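Enquirer: Quick one, structure for this:
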Amino acid sequence: MQIKPLADHVLIEPLEEEQKTKTGILLPETAEQERSEQGTVVAVGPGKKGKDGKVIPLEVKAGDLVLFAKYGPSEVKVDGKEYLIAEEKDILAILER
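Expert: Predicted coordinates:
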């Protein structure tokens, strides 16, 4: 199934982070884990309409590695895979590799 975000929404695949304590102990997957704040943009919407009715394109594009607000995006599950859908305003930065 293909997901096509609307307006200024962005589909993000969160990065899987290895969970370690400060002392280096690896935590099992069953331990409570916090949501990642980084991910790869999978798809973007066309943009938001301005007051003049013209579409303002998004600054991010598919393939960008982004940093986003921890609790801004909504979690969705499609074909057994977890994604996040965020508004462009929830994306804080594009990370350079």
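
Enquirer: How about the residue positioned nearest the centre of the chain, nearest residue that isn't a chain neighbour?
Expert: By C-alpha atoms, centre = their mean, the chain has its centre lying nearest to residue 12, at 3.2 Å. Spatial nearest neighbour of residue 12, excluding adjacent residues (C-beta to C-beta, 6 or more residues apart in numbering): residue 39 at 4.0 Å. Any C-beta I mention is one placed from the backbone N, CA and C, and that applies to glycine too.

Enquirer: how much space between the one you found and residue 15?
Expert: 6 Å (C-beta to C-beta, to the nearest Å).

Enquirer: who has more neighbours, the two?
Expert: residue 39 (25 against 12; other C-beta atoms under 10 Å).

Enquirer: Check whether that one really touches residue 13, as I assumed.
Expert: Yes. Here residue 39 lies in contact with residue 13, judged by C-beta atoms under 8 Å, at a distance of 5.5 Å.

Enquirer: Could you tell me which residues touch both of these two?
Expert: Listed as contacting both residue 39 and residue 13 by C-beta atoms under 8 Å, 6 or more residues apart in numbering are residue 84.

Enquirer: Identify the residues contacting residue 41.
Expert: Counting by C-beta under 8 Å, 6+ apart, residue 41 makes contact with 10, 11, 12, 60, 61, 62, 63, 64, 65, 66.

Enquirer: Can you pick out the most distant pair from those residues?
Expert: Taking C-beta to C-beta, the two most distant members of the contacts of residue 41 are 11 and 65; they sit 14.1 Å apart.

Enquirer: ok, those two, which is more surrounded?
Expert: The neighbour count for residue 11 versus residue 65, taken as other C-beta under 10 Å, is higher for residue 11 (22 against 16).
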